[in-house]
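[1] here's a sequence, model it:
(chains A, B and C)
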Amino acid sequence: MSLIKIRKKNPLIHCITNTVVTNFTANGLLAIGASPVMSDEPLDVEDMVAIANGLLINIGTLNKNSVEAMILAGKKANELNIPVVLDPVGAGATTYRKEITKNLLKEIKFDLIRCNAGELAAIAGINWQAKGVDSGEGEMDITLVAKETAQKYGAIVAVSGKEDFVTDGIEHYPVSGGHELMTQVTGTGCLLSAICAAALTLDGGKLENIRNVLADYKKVAENASKEKYLGSFQVEILNGLHQISRGE
Amino acid sequence: MSLIKIRKKNPLIHCITNTVVTNFTANGLLAIGASPVMSDEPLDVEDMVAIANGLLINIGTLNKNSVEAMILAGKKANELNIPVVLDPVGAGATTYRKEITKNLLKEIKFDLIRCNAGELAAIAGINWQAKGVDSGEGEMDITLVAKETAQKYGAIVAVSGKEDFVTDGIEHYPVSGGHELMTQVTGTGCLLSAICAAALTLDGGKLENIRNVLADYKKVAENASKEKYLGSFQVEILNGLHQISRGE
Amino acid sequence: MSLIKIRKKNPLIHCITNTVVTNFTANGLLAIGASPVMSDEPLDVEDMVAIANGLLINIGTLNKNSVEAMILAGKKANELNIPVVLDPVGAGATTYRKEITKNLLKEIKFDLIRCNAGELAAIAGINWQAKGVDSGEGEMDITLVAKETAQKYGAIVAVSGKEDFVTDGIEHYPVSGGHELMTQVTGTGCLLSAICAAALTLDGGKLENIRNVLADYKKVAENASKEKYLGSFQVEILNGLHQISRGE
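    Okay, here's the model as predicted:
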């Protein structure tokens, strides 16, 4: 349902994201009728975010220059009441990512933190064995930690996994369905974060809109799984986003 | 016709382009039998462009380092009589892009400026409501502005839209056809600019060669539209370029 | 056979690679059951490589910042006995690439150098007419030069071409098969280097594992050639990697 609404609204989403997923993210946003724009140069981003409807900050392949751009763009978005999403890719993998994530959360007010369990653990300071940018393994009460994190930062927190989980710190919903192949294509989480940025531009409750988008995305994964190999599965994700957002 | 000629010639095209479209641009050039090379490090580009047959400068995700590389590569290309194409992505969207575009046009002699209406307006200093890197809306006599811009910079100007338009400041041609899905895949304009750089390496009239390439590209879009969803449509663009350039 | 073993092991491969092939490389690694992680920021790479099982250094779109990261990551990998692969893309094309390649070979102990004939010639200091990042043309005894290079650097050397060739400086094997379309999709060599980094994490002889991976890759190319055009062929490469690594 939310994907259809995004197509009707056609929001412009400024993405500061990693170099692995730029193309897939842009095509994914276009597939649901949103307009992507990418810029990670400090001299460029404040003007760019000012004409955007939403901002995505994804630290997947951060560098000193893009981190500076993230801070500038995030602050400007806050100033202009433009919704901001954080995708803390691999937040727990390195000291640098941990520090940058901490700093981003200090300097910028995020509307949504979208992450996997390992990244949530890193934000919450819980011991966890992440595997690079993959979720990894550990023990924590995800529901509890996500709710506390949502309350601490005044943000919705969406945690991806076999079953997704979304909370604003008070209410919380599981979102089930999907298909395991979705975790085996690079950038599906990153694209979901970009789509969530688009969903935050919609009228209505933010939590409800995010929840609907997560459910739509699970549906896309299920439909795409008619292809059993990853090359064709990736193509089908874009096809599915296009199709579902057109109400077909 | 021009795509077939490009395959016969196999030109090496040095692309300084944005991080969203690198892969699609490289594969698109390979699909028509051209050879892509990408480099945007100031210490590397002068040597690289010196062995190339054509240069593309695309400002889609510019940064201070790549802008320096663009200037160096462009000047070297001018010195060696290697044709240069400018794709001023989102030129009107931010002050930084406007300034960089102005500076590129001052420092480098371009053989072709390939843009959309919003970018043309930005170059010509006309008021226009661009939407990020999309064309946007406004009122201007595109024919007149394109011709004046072509005359001012001594370059061919090709403006993409529902109907494309190409002029050298004296002659001008519309190029019709194509399919609207082409505007919904990221990087199709960027790839067209790269292909135009390859077309400028051909024998014969430059305006004629660009016009033919634009017409071929419209044909590719029409053929690809047998796929109605974006994932498969994108794959078909590469297939179509490959097929048409092989005369099949 | 090696691809099946990689899937069983699921190694984490840290890739410092070029911006053209990031997505294709990540999806290719995922397709064989490996986990990719990309990071090219000096402040980030030492921690990242420390949790990885293998490191790929690919100079395709190097810049001053990423070169610094390559050195730091490579040294750390050496310290931790993590295998390192060098893909010296376009090593002979520019003075800068030649210098950086020389410096990387001086500062880092590589387990494998995977390259084409032109890049091998550049490393060995032999006169050769490369074409940008393509192999180009020239005369040398590839067998001899590859063996000498392997001995000089204490690395396995794998040279891609119509027939691949792999040597540890003592033994050497040709690997035949494959399909010419493989050279017409961008990043197939770069992906092969990443897959080789994964192969170096396997038990057993390194030379044997690399040889097996090269043979598997030829098989993937042959299977993918049921698609005659490049867009679909590229999708089939990922499908084929997925399929073969699953033993299907």
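[2] kindly list the main-chain dihedrals of the residue nearest the centre of chain A?
    With distances taken as C-alpha atoms, centre = their mean, the residue of chain A nearest its centroid is residue A:193 (1.7 Å). With angles defined as degrees, to the nearest 10, residue A:193 sits at phi -60, psi -40.
[3] ok, now residue A:41?
    phi -100, psi 120.
[4] what's the local residue count around it?
    Neighbourhood size, residue A:41 [other C-beta atoms under 10 Å in any protein chain shown]: 24. Just so you know, the C-beta spots here come from the backbone N, C-alpha and C atoms, and that holds for glycine as well.
[5] can you give me every residue that contacts it?
    Residue A:41 makes contacts with A:65, A:69, B:61-64, B:96, as judged by C-beta atoms under 8 Å, 6 or more residues apart in numbering or on different chains.
[6] tell me where chain A has strands.
    A:12-16, A:35-38, A:54-58, A:84-87, A:112-116, A:129-131, A:134-137, A:156-160, A:164-167, A:172-175 (DSSP state E).
[7] residue ranges in chain A under the pLDDT threshold?
    Scanning chain A for pLDDT under 70 picks out the ranges A:129-138.
[8] near chain B, which residues of it are found?
    By the rule C-beta under 8 Å from any C-beta of the partner chain, the part of chain A lying against chain B is A:12, A:14, A:19, A:22-23, A:26-27, A:30-31, A:35-41, A:43-44, A:47-48, A:51-52, A:65, A:234-243.
[9] 7 Å - rerun?
    A:12, A:19, A:22-23, A:26-27, A:30-31, A:35-41, A:43-44, A:47-48, A:51-52, A:65, A:235-239, A:242-243 (C-beta under 7 Å from any C-beta of the partner chain).
[10] out of those, which are inside helices?
    Judged by DSSP state H, the residues of chain A next to chain B include A:22-23, A:26-27, A:30-31, A:43-44, A:47-48, A:65, A:235-239, A:242-243 as members of helices.
[11] check those one by one and keep those near chain C.
    A:23, A:235.
[12] which of the contacts of residue A:41 are buried? Put it as a ChimeraX command.
    Selecting only the buried entries of the contacts of residue A:41 in ChimeraX, with 16 or more other C-beta atoms under 10 Å in any protein chain shown as the criterion:
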select /A:65,69 /B:61,62,63,96
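[13] can you tell me which of the contacts of residue A:41 is nearest residue C:1?
    residue B:61 (41.1 Å; C-beta to C-beta).
[14] against residue B:18, how distant is that closest one?
    Using C-beta to C-beta, to the nearest Å, residue B:61 is found at 4 Å from residue B:18.
[15] so which elements touch the lengthiest helix in chain A?
    Longest helix of chain A, by residue count under DSSP H: helix A:206-224. When contacts are defined as 3 or more C-beta pairs under 7 Å, 6 or more residues apart in numbering or on different chains; DSSP states H and E, helix A:206-224 sits against helix A:2-9, strand A:156-160, strand A:164-167, strand A:172-175, helix A:188-199, helix A:230-245.
[16] what is the burial count for the closest residue to residue A:215 other than its chain neighbours?
    Spatial nearest neighbour of residue A:215, excluding adjacent residues (C-beta to C-beta, 6 or more residues apart in numbering or on different chains): residue A:175 at 5.4 Å. By the criterion of other C-beta under 10 Å, residue A:175 has 22 neighbours.
[17] quick one, what contacts residue A:175?
    A:163-164, A:166, A:211, A:214-215, A:218 (C-beta atoms under 7 Å, 6 or more residues apart in numbering or on different chains).
[18] same check on residue A:58?
    A:16-18, A:87, A:89, A:190, A:193.
[19] now those residues in a markdown table, with distance to residue B:179?
    Below are the contacts of residue A:58 laid out as a markdown table (distance: C-beta to C-beta, whole Å):
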| residue | distance to residue B:179 |
| --- | --- |
| A:16 | 31 |
| A:17 | 28 |
| A:18 | 31 |
| A:87 | 33 |
| A:89 | 35 |
| A:190 | 28 |
| A:193 | 30 |
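[20] which one of these is nearest chain C?
    The shortest approach to chain C among those belongs to residue A:18, at 7.1 Å (C-beta to the nearest C-beta).
[21] where's the closest one relative to residue B:22, distance?
    14 Å.
[22] do the same with residue A:114
    Distance from residue A:114 to residue B:22, by C-beta to C-beta: 26 Å.
[23] circling back to that earlier point, is it true that the residue nearest to the centre of chain A touches residue A:88?
    No: counting by C-beta atoms under 7 Å, residue A:193 sits too far from residue A:88 to count as a contact (9.7 Å).
[24] which bits of chain A sit near chain C?
    So chain A meets chain C at A:19-21, A:23-24, A:61-64, A:90, A:93-97, A:131-134, A:184-187, A:229-232, A:234-235 (C-beta under 7 Å from any C-beta).
[25] of these, just the buried ones, ChimeraX syntax please.
    A single ChimeraX command suffices to select whichever of the residues of chain A next to chain C are buried according to 16+ other C-beta under 10 Å:
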select /A:19,20,21,23,24,61,62,63,90,93,94,96,97,131,132,133,134,184,185,186,187,229,230,231,232,234,235
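[26] beta-bridge partners for the residue nearest to the residue nearest to the centre of chain A when sequence neighbours are not counted, please?
    Once flanking residues are discounted, residue A:193 sits nearest to residue A:87: 3.9 Å by C-beta to C-beta, 6+ apart. Taking DSSP bridges as the rule, residue A:87 bridges to residue A:58.
[27] count of neighbours near residue A:87?
    28.
[28] quick check: it vs residue A:97, distance?
    For residue A:87 relative to residue A:97 (C-beta to C-beta), the value is 12 Å.
[29] cool, and residue A:213?
    26 Å.
[30] same thing with residue A:63?
    Relative to residue A:97, and taking C-beta to C-beta, residue A:63 is found at 12 Å.
[31] same question for residue A:59.
    Counting by C-beta to C-beta, the gap from residue A:59 to residue A:97 is 6 Å.
[32] residues in contact with the residue nearest to residue A:148 when sequence neighbours are not counted?
    Excluding the flanking residues, the one nearest residue A:148 by C-beta to C-beta, 6+ apart is residue A:124, at 6.9 Å. By C-beta under 7 Å, 6+ apart, the residues touching residue A:124 are A:145, A:148-149.
[33] show the buried residues in those residues.
    A:145, A:149.
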